[in-house]
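In: Quick one, what's the 3D model for this:
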Amino acid sequence: MKNKLDKYFLSFHIALGAVYDNKVRSILTALGIIFGVAAVIAMLAIGTGAKKEVLDQMKLVGVNNIVITPIKQDLNITETSSDDNESKEEESKQKLSRGLNLQEAQSIKNIIPSVERVSPQVINKTNIIYDGKGIQGTFTGITNDFFHIYSLDLVQGNFFNQYQYENAKQVCIIGHNIKSRLFPTEEALGKQIKCGDIWLTIVGVLKSQAVDSEQIDDLKLNDYNLNVYAPIGTVLLRFNDRSIVTKKSLKGRGRDAKTTPKDRNQLDKIVVQVKETAQLKSTAAVLNKMLKRRHSGAQDYQITVPELLLKQEQKTRSIFNLVLGAIASISLIVGGIGIMNIMLASVLERIREIGVRRAIGATQKDVVFQFLSEATIISVAGGLLGILLGVIIAQLITQFTEIPTIISGFSIMLSFGVSAGIGVVFGYMPAKKAAMQDPVSSLRHE
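Out: The predicted structure is shown next:
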């Protein structure tokens, strides 16, 4: 057993010496592996980063959500087109429609069994002022379902209670950045801030949300950290001129709310959370039928299923990454073929050396192991350099293009294993050819 190990060690030592003695040739031989592994590492890093980005986006838009938004049009404008009758018919439907309102949000929750939660929202861009300091932010009217749908937690204070909703109290919950900018050194709870023309008492502060501006723009979201949230009745009663409502109408779910020529929609958005992902498409279809009937056939709303759109985006990215990975794999195969060609040429150059080894007692297995070791050393060294190059490329991609990349331990181990495997697979033919040389003929070779 010890004798066999000594033979293997000697063969490995000879192979290592051959690689070292022919440094330039070895480096050139390994180039295909280096670039192939680097490409695989970079592609896997981009793919993993893209997958995480989509998962983060799904978390931002909420799980199992359907978003209904109004298609806003000026009721006083008459469109002119080639199909005048169709245009007038659509215009008359638009005038009969009451737009998105609180009653619809409540009806959706009560009528459709697959619906878990409903969040009607009124969104306003405004100045937020405290003690002479002001910042630009978003003032949003919501219900408590909003916080559950988007998995938002408080770091201080409490969520709104039923009394505050029903009586449209002037209270608010602020985002983390509002707190840090307006109250950097003092307690925010109990303080009053001014949003537009109304004063609100702070009853809660949200935990910081890890979002970037690009995600906010891509997903058409508001920055939770720069939002001020108030009961939806408070915003409709005291802030907006789009819908004239009273406390009585709020308790009646907005049934007697009147609209203004400026905007007939009470709401800017209704977010519907479905109980199961499998029910998203069917629920969206039911919502479309329900809203079309309630809006007198007018298509003055848009229904979007963000999760399905993001999953389609993820599928598209996966196919793209698969294609890029296949291209990178081809370069690895080309690198393996390069190793095989150089090793075959090396066998022809070293026929006499092979004959000497066989003459002093080396077996065919020893020669096979020697040349396999040489091919594997070149391939593994190329793989290690390729991993290093791939990590650098991934970092440069993130730095200069802002495309997120994540290098996982799996991708490194996979690349290392593949490079070692290529050395064994493509080194076997030259090794076998070397072992099959006739010792006597080899010694005569010049």
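In: So for the chain, which residue is the most central one in space?
Out: With distances taken as CA atoms, centre = their mean, the residue of the chain nearest its centroid is residue 53 (1.7 Å).
In: Pretty sure that residue sits against residue 404.
Out: Yes: Residue 53 is within contact range of residue 404, at 5.3 Å (criterion: CB atoms under 8 Å). Where C-beta positions appear, they are placed from N, C-alpha and C, glycine not excepted.
In: tell me the contacts of residue 188?
Out: With contacts taken as CB atoms under 8 Å, 6 or more residues apart in numbering, residue 188 has the following neighbours: 156, 174, 179, 182, 202, 205.
In: tell me the two of these that are most distant?
Out: Taking CB to CB as the measure, these reach their widest spread between 156 and 182, a distance of 14.0 Å.
In: Among the two, which residue is more densely surrounded?
Out: residue 182 (21 against 16; other CB atoms under 10 Å).
In: That one - nearest residue in space that isn't next to it in sequence?
Out: Closest residue to residue 182 in three dimensions, ignoring its sequence neighbours and counting by CB to CB, 6 or more residues apart in numbering: residue 130, at 4.4 Å.
In: And the pLDDT at residue 154?
Out: Per-residue pLDDT puts residue 154 at 92.
In: Compute the number of surrounding residues for the closest residue to it other than its chain neighbours.
Out: Nearest in space to residue 154, with sequence neighbours left out and distances taken as CB to CB, 6+ apart, is residue 204 at 4.9 Å. The burial count assigned to residue 204 is 19, neighbours taken as other CB under 10 Å.
In: same question, residue 12
Out: Under the neighbour criterion other CB under 10 Å, residue 12 is assigned a count of 17.
In: and it, which of the three is it?
Out: What DSSP: H, G, I helix; E, B strand; the rest coil gives for residue 12 is helix.
In: show me the contacts for it.
Out: Contacts for residue 12 (CB under 8 Å, 6+ apart) come out as 369-370, 373.
In: and those, which of them are in helices?
Out: Under the assignment DSSP state H, the contacts of residue 12 contribute 369-370, 373 to helices.
In: Go through these and say which is closest to residue 138.
Out: Using CB to CB as the measure, the one of the ones in helices among the contacts of residue 12 that approaches residue 138 most closely is residue 373, at 65.4 Å.
In: List the residues that contact that closest one.
Out: Contact criterion CB under 8 Å, 6+ apart gives 11-12, 15-16 as the residues in contact with residue 373.
In: go with 10 Å
Out: Listed by CB atoms under 10 Å, 6 or more residues apart in numbering, the contact set of residue 373 reads 8, 11-16, 18-19, 423-424, 427, 431.
In: Would you indicate which residues of stretch 193-203 are buried?
Out: Buried residues in stretch 193-203, defined by neighbour count with 16 or more other CB atoms under 10 Å: 193, 195-196, 198, 200, 202-203.
In: Widest-spaced pair of the residues you listed?
Out: Across the buried residues of stretch 193-203, the longest distance by CB to CB is 18.7 Å; it joins 196 and 203.
In: Pick the one among the contacts of residue 12 closest to residue 121.
Out: Nearest member of these to residue 121, counting by CB to CB, is residue 373, at 67.3 Å.
In: By pLDDT, rank the buried residues of stretch 193-203 and give me the bottom one.
Out: residue 196 (83).
In: Correct me if wrong: that residue contacts residue 134.
Out: No: under the contact definition of CB atoms under 10 Å, residue 196 does not touch residue 134, with a separation of 11.4 Å.
In: Give me the helix or strand of the chain that scores worst on average pLDDT.
Out: strand 258-259 (a mean of 44; mean pLDDT, DSSP states H and E).
In: what element comes up after that strand heading to the C-terminus?
Out: strand 269-274 (DSSP states H and E).
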